[in-house]
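Colleague: Everything below, folded, please.
(2 chains, ligands or ions: 1)
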Amino acid sequence: MNELTTASQTVGPFVSISFAPSLAGDLTVQGVSGKRVVLHGRVIDGDGAPVGHAAIETWQANAHGKYAHPEDFQEKPLEREFRGFGRVMADERGAYRLVTIEPGCTPGPGGVLQAPHLVVVIFMRGLLKHLTTRVYFPDDTHNAEDPVLKLVPEERRATLIARRVATDANELEWNIVVQGKDETVFFEY
Amino acid sequence: MHDVHSYRKPSPGSQPDYLYPPYKSTVKRAPVQPLVLVPQTLSEITGPVFGRNEIAPLDHDLTRQHQSAPLGERMIVNGRVLDDGGCPVANTLVEIWQSNAAGRYRHADDNHDAPLDPNFTGCGRTLTDDAGRYRFVTIKPGAYPWRNHHNAWRPPHIHFSVFGCGFLQRLVTQMYFPGDPLLALDPMYTCIADERARQRLISSFDWENTVPEFAIAYRFDIVLRGRDATPMEK
Ligand SMILES: [Fe+3]
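Modeller: This next block holds a predicted model:
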């Protein structure tokens, strides 16, 4: 006999008072290996308007493709300094910024490799349950064989891949569009 | 290669849809494209692990975070974090935030004409113990108006954020109080179709954990998605 799962509820407009003391906007603390990336963009609603004060959480493996979690049994190095959890708030113009490293490849279903990616969840006023998506890295040769990207209709895949910004090799732009034109692909599991 | 020990879907009817027009902000924020069903991988069944050293001794006591006690009715909120199989979710981070006794948040955007309390921030955090138990000491939040519809008032509530063992168990919810007449008028409450699932969001008076001469206790258990009995076959 299974218990009934608790319903999700919106974070409402004041979530930042709770999340602010525990923000994690820069995961590149000293001693962490991997290529540093600055991921930034905007959260956009169905009117094309920026969503102010959305909360974004990210989860990722380290540069070796190892998650800092007891259920990752891979024989790959853990890095004590790298938890893999990011938490940022979009500002009043809907803009967010996360500094992290490119994760390594991780195992997928049936032993197929997953391309480097971050799992991303988004919370905001007007959202009754959080949205879950992923962001991938541009020009990564593993993207073509990624078992999750392959399930996404081809014409929508681009919404999951960050764009290189010409000015800086480390800078990547990725917008989260919750509704409408170029709506980001969101997942259910 | 180890197989992924996957999570079950939330109970049917227990979760709101993204679109619920009586809550107006959902109209432009609900995705219109169908969600894409994908397999659970190591990326989602794992998630951040938090340690006791990250929690300060008074993080769970919202009445002792300032020089004096906040105004309002002191109360204890306690309960367990479980999965849908009834197993405790141990050592998981639980965060709460709430309005003060007058119905005002300590947030720059809250312009409700009610007093701020210099002795109340309204935020707490704790880790569950080995039995999945958590406990906060706080004050009873007030109702507050919002502009969703004519004469709209949020019933007193406490926002809860829970991590669980993996990102697929992540949950943000709200706890309400028994017997509140505002609930039936509140779109955030009525967005949940299943009556039993609604009831799950209402705390119960907890005489056993009420502390004489100190504070009344409320009990609020949180149930996260559980796991399949055996790891998924390849
Ligand atoms: Fe609230």
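
Colleague: Go ahead and flag the most central residue of chain A.
Modeller: Closest to where the C-alpha atoms of chain A average out (C-alpha atoms, centre = their mean) is A:Val120, at 2.9 Å.

Colleague: The residue of chain B found nearest chain A in helix, strand or coil?
Modeller: The minimum distance from chain B to chain A, using C-beta to the nearest C-beta, falls at B:Ser25 (2.8 Å). For every residue, glycine as well, the C-beta is placed using N, CA and C. Using DSSP: H, G, I helix; E, B strand; the rest coil, the structure places B:Ser25 in helix.

Colleague: which residues does it contact?
Modeller: Contact partners of B:Ser25, counting by C-beta atoms under 8 Å, 6 or more residues apart in numbering or on different chains, are A:125-126, B:148.

Colleague: By neighbours, which of those residues wins?
Modeller: A:Gly126 (22 neighbours; other C-beta atoms under 10 Å in any protein chain shown).

Colleague: surely that one meets B:Arg29?
Modeller: Yes - with contacts counted by C-beta atoms under 8 Å, A:Gly126 reaches B:Arg29, the gap being 4.0 Å.

Colleague: got any residues that touch both of the two?
Modeller: For the pair A:Gly126 and B:Arg29, residues contacting each of them under the criterion C-beta under 8 Å, 6+ apart are A:Asp45.

Colleague: Return the backbone torsion pair for B:Gln199.
Modeller: phi -60, psi -30 (degrees, to the nearest 10).

Colleague: cool, and A:Leu4?
Modeller: Main-chain dihedrals, A:Leu4, degrees, to the nearest 10: phi -70, psi 130.

Colleague: Is A:Thr132 within a helix or a strand, and which one?
Modeller: Using DSSP states H and E, A:Thr132 sits within strand A:131-136.

Colleague: tell me what that strand is packed against?
Modeller: Identification of packing neighbours for strand A:131-136 by 3 or more C-beta pairs under 8 Å, 6 or more residues apart in numbering or on different chains; DSSP states H and E yields strand A:117-123, strand A:187-188.

Colleague: what about the residue most central in space within chain B, which helix or strand?
Modeller: By C-alpha atoms, centre = their mean, chain B has its centre lying nearest to B:Phe160, at 2.3 Å. Assessed by DSSP H and E, B:Phe160 sits inside strand B:157-162.

Colleague: Show me where chain B has its helices.
Modeller: B:42-45, B:187-190, B:195-199 (DSSP state H).

Colleague: ah, wrong one, I meant chain A
Modeller: For chain A, the helices defined by DSSP H occupy A:16-19.

Colleague: between the longest strand anywhere in chain A and strand A:117-123, how many degrees?
Modeller: Ranked by residue count, the top strand of chain A under DSSP state E comes out as strand A:36-44. On the basis of axes from the mean of the first three to the mean of the last three C-alpha atoms, to 10 degrees, strand A:36-44 is oriented at 30 degrees to strand A:117-123.

Colleague: so what secondary structure elements neighbour strand A:36-44?
Modeller: strand A:95-101, strand A:171-173, strand A:176-177.

Colleague: tell me how far it is from the chain's mean position?
Modeller: Mean-position distance between strand A:36-44 and its chain equals 10 Å (C-alpha atoms, centre = their mean, to the nearest Å).

Colleague: What residues sit buried inside that strand?
Modeller: By neighbour count on 16 or more other C-beta atoms under 10 Å in any protein chain shown, the buried set for strand A:36-44 is A:37-44.

Colleague: In chain A, what residue lies closest to chain B?
Modeller: For chain A, C-beta to the nearest C-beta, closest residue to chain B: A:Gly126, 2.8 Å.

Colleague: Show the pLDDT at the nearest residue to that residue once chain neighbours are set aside.
Modeller: In this structure, A:Gly126 finds its nearest non-sequential neighbour in B:Ser25, 2.8 Å apart by C-beta to C-beta, 6 or more residues apart in numbering or on different chains. If you check B:Ser25, the pLDDT there is 97.

Colleague: Distance check, B:Ser25 against A:Gly46.
Modeller: Look at B:Ser25 and A:Gly46: by C-beta to C-beta, to the nearest Å, they are 10 Å apart.

Colleague: same question, A:Phe14
Modeller: Distance from A:Phe14 to A:Gly46, by C-beta to C-beta: 23 Å.

Colleague: And the two? Which one has more around it.
Modeller: Per other C-beta under 10 Å, whichever of A:Phe14 and A:Gly46 has more neighbours is A:Phe14, with 21 against 17.

Colleague: Neighbours of B:Leu58, how many?
Modeller: 12.

Colleague: Looks like it contacts B:Gln65 (just checking).
Modeller: Yes - counting by C-beta under 8 Å, B:Gln65 is a contact partner of B:Leu58 at 5.8 Å.

Colleague: dump the residue contacts of B:Phe50.
Modeller: Contact analysis of B:Phe50 by C-beta under 8 Å, 6+ apart lists B:91-93, B:127, B:163.

Colleague: quick one, what contacts B:Gly109?
Modeller: Rather than Gly, residue B:109 is Asp. Taking C-beta under 8 Å, 6+ apart as the test, what B:Asp109 contacts is A:13-14, A:53.

Colleague: List, out of those, those positioned next to chain B.
Modeller: Restricting the contacts of B:Asp109 to those near chain B by C-beta under 8 Å from any C-beta of the partner chain leaves A:13-14, A:53.

Colleague: and those residues as a markdown table, adding pLDDT?
Modeller: Shown next, in a markdown table, are these (pLDDT from 0 to 100):
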| residue | pLDDT |
| --- | --- |
| A:Pro13 | 96 |
| A:Phe14 | 96 |
| A:His53 | 92 |
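
Colleague: which one is B:Leu116 nearest to, not counting chain neighbours?
Modeller: B:Arg104 (5.7 Å).

Colleague: Tell me if I'm right that that neighbour and B:Asp110 touch.
Modeller: Yes - counting by C-beta under 8 Å, B:Arg104 does reach B:Asp110; the two are 5.9 Å apart.

Colleague: Could I get the full set of strands for chain B?
Modeller: Using DSSP E, strands in chain B cover B:36-37, B:74-83, B:93-97, B:123-127, B:133-139, B:144-146, B:152-154, B:157-162, B:171-176, B:204-205, B:216-219, B:222-224.

Colleague: would you list the ones you listed in TSV and tack on distance to A:His142?
Modeller: Shown next, in TSV, are the strands of chain B (distance: least, C-beta to C-beta, whole Å):
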stretch	distance to A:His142
strand B:36-37	19
strand B:74-83	33
strand B:93-97	32
strand B:123-127	36
strand B:133-139	40
strand B:144-146	46
strand B:152-154	46
strand B:157-162	33
strand B:171-176	31
strand B:204-205	50
strand B:216-219	48
strand B:222-224	32
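
Colleague: Many thanks, we can stop here.
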